[in-house]
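**Q** Curious how this folds, go ahead:
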Amino acid sequence: MNPVDRVALGRGPRRLTGSWAIPFYGSIGLLLLGASLSFFMHPDRPFK
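**A** Residues are numbered from 1 along each chain as shown. Alright, predicted model coming up:
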């Protein structure tokens, strides 16, 4: 079953939360967290 049919049958994030906004903002929050944490990575430094 493809993802479109799953959503059409009422399964997926909307059924769990009742809204698409909560999963959307959650994913945007994780994206921003990862982007901000990437500035603390130092690939030129070896592990100690």
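
**Q** CA only for contacts and neighbour counts going forward, please
**A** Noted.

**Q** and Leu37, which of the three is it?
**A** helix (DSSP: H, G, I helix; E, B strand; the rest coil).

**Q** and it, how far is that from Leu31?
**A** From Leu37 over to Leu31 the distance is 10 Å, taken as C-alpha to C-alpha, to the nearest Å.

**Q** Retrieve the pLDDT associated with Pro43.
**A** Each residue has a pLDDT score; the one for Pro43 is 87.

**Q** count of neighbours near it?
**A** For Pro43, the neighbour count with other C-alpha atoms under 10 Å is 7.

**Q** Phe47 and Phe39, how far apart?
**A** Taking C-alpha to C-alpha, one finds Phe47 at 17 Å from Phe39.

**Q** Comparing the two, which shows the higher neighbour count?
**A** Neighbours of Phe47 and Phe39, each counted by other C-alpha under 10 Å, are more numerous for Phe39; the result is 8 against 5.

**Q** and the gap between the more buried one and Leu32?
**A** In this view, Phe39 and Leu32 are 12 Å apart by C-alpha to C-alpha.
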